[in-house]
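Quick check, what structure comes out for this input:
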Amino acid sequence: MPGGRLTQKDRQQIALGLADGLAYAEIARGLDRPTSTVTREVMRNGGPTGYRADLAHRATEQRAHRRKPAASRTSEPALQPHGRDPEAVAAYEEQFTTVMMRSGLPKMMARVMVALLMTDAGSLTAAELAQRLQVSPATISKSITFLESQTLVRRERDERRRERYAVDGDLWYQSMIASVQSLVQQVEIAREGVGVLGSGTPAAVRLENVARFLDFVAESLARAAEQAREVLNTKAETPPDTTDTPG
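Numbers count the residues shown, from 1 in each chain. Presented below is the predicted three-dimensional model:
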């Protein structure tokens, strides 16, 4: 299996494979490379729909140039806890970030969110996030502020009074409820438009259909969020002690 960095020819082959709808594993076999190498390359450079061989090659050269002064420190990937494969973790993190971006999160906010979700500690400080993502504390602060506004991150203090940022199941619940409230507002404004535009007119009928659809979705989402919270937060009850007690 050849080592070293991907060449421009390799990247062109990756681009052709993506255009043909090939899976990462199949593209990797054609290059005689690990699947994780192809996955990381694609996710780092625009994802499967935005990957361009020439842009990816140029971006990689620029990154290598920026990292050159620090290259002498270590050539080994960062060690991972629990015996995890560093390359597989890095590729997964890139893929996870791309999925979060497609859901509507800006890139930096998506990176912070994924970093928090993937940490075993359950939370990270601003300094830890900045070091992990190699960005400035100001960038982390801006990202956290945005994620907080979306009810996706919670601030807390540790025993050293440091501010930490955490994500957990209850935050997902709160985020779902916030989404429901947004949907309810859209339902209300759509139904208000029915009266303004005149009931029975084409535009009013369209708005009423939108309102009915969103109303159904909001109700279903709220019910599902409540049920999930109730079921997943219910602790298993301790079975009663059936041992006979002496009289």
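
where's the residue most central in space within the chain relative to residue 108, distance?
Centroid check for the chain by CA atoms, centre = their mean gives residue 100 as the closest residue, at 3.4 Å. Counting by CB to CB, to the nearest Å, the gap between residue 100 and residue 108 amounts to 11 Å. Heads up, the C-betas are built off the backbone N, CA and C, glycines and all.

Can you check which residues contact both of those two?
Contact criterion CB atoms under 8 Å, 6 or more residues apart in numbering; residues shared by residue 100 and residue 108: none found.

Would you map the strands across the chain?
For the chain, the strands defined by DSSP state E occupy 123-125, 154-157, 163-166.

in the last one, what's buried?
By neighbour count on 16 or more other CB atoms under 10 Å, the buried set for strand 163-166 is 164, 165.

Ok, the second one next?
Using 16+ other CB under 10 Å as the test for burial, strand 154-157 gives residue 154.

Can you list the strands that that strand pairs with?
Strand pairing for strand 154-157, using DSSP bridges, gives strand 163-166 (antiparallel).

Contacts for the strand it pairs with next, please.
116, 122-126, 129, 144, 147, 153-158.

what do you get for stretch 215-227?
Here stretch 215-227 has contacts from 173, 176, 177, 179, 180, 183, 184, 187, using CB under 8 Å, 6+ apart.

Show the buried residues in those.
Buried by 16+ other CB under 10 Å: 173, 176, 177, 179, 180, 183, 187, out of these.

Quick check: chain neighbours aside, which residue is closest to the first one?
Yep, that's residue 173 we're talking about. What sits nearest to residue 173 in space, not counting adjacent residues and going by CB to CB, 6 or more residues apart in numbering, is residue 229, at 4.9 Å.

what domains does the record give for the chain?
1-56+82-99, 105-167, 170-232 (automatic domain parsing).

Of these, give the one that comes closest to residue 62.
Among the domains of the chain, the nearest to residue 62 by CB to CB is domain 1-56+82-99 (10.5 Å).

and that closest one, how far out from the chain's middle?
Distance of domain 1-56+82-99 from the chain centroid (CA atoms, centre = their mean, to the nearest Å) equals 19 Å.

Can you give me the neighbour number for the closest residue to residue 5 other than its chain neighbours?
Spatially, and ignoring its direct neighbours in sequence, residue 5 is nearest to residue 60 (7.3 Å; CB to CB, 6+ apart). For residue 60, the tally of surrounding residues (other CB atoms under 10 Å) stands at 17.

quick one on the thing from earlier: which one of the buried ones among the contacts of stretch 215-227 is nearest residue 135?
Using CB to CB, residue 179 comes nearest to residue 135 of the buried ones among the contacts of stretch 215-227, at 27.9 Å.

Can you tell me the number of residues neighbouring the residue lying closest to that closest one once chain neighbours are set aside?
In space, and not counting its chain neighbours, residue 179 is closest to residue 221: 6.6 Å by CB to CB, 6+ apart. Residue 221 is flanked by 15 other residues according to other CB under 10 Å.

now do residue 159
Neighbours of residue 159 (other CB under 10 Å): 5.

how about the lengthiest helix in the chain: buried residues?
Taking DSSP state H as the assignment, the helix of the chain that covers the most residues is helix 202-232. Within helix 202-232, the residues scored as buried using 16+ other CB under 10 Å are 204, 207, 208, 210, 211, 214, 215, 218, 222, 225, 229.
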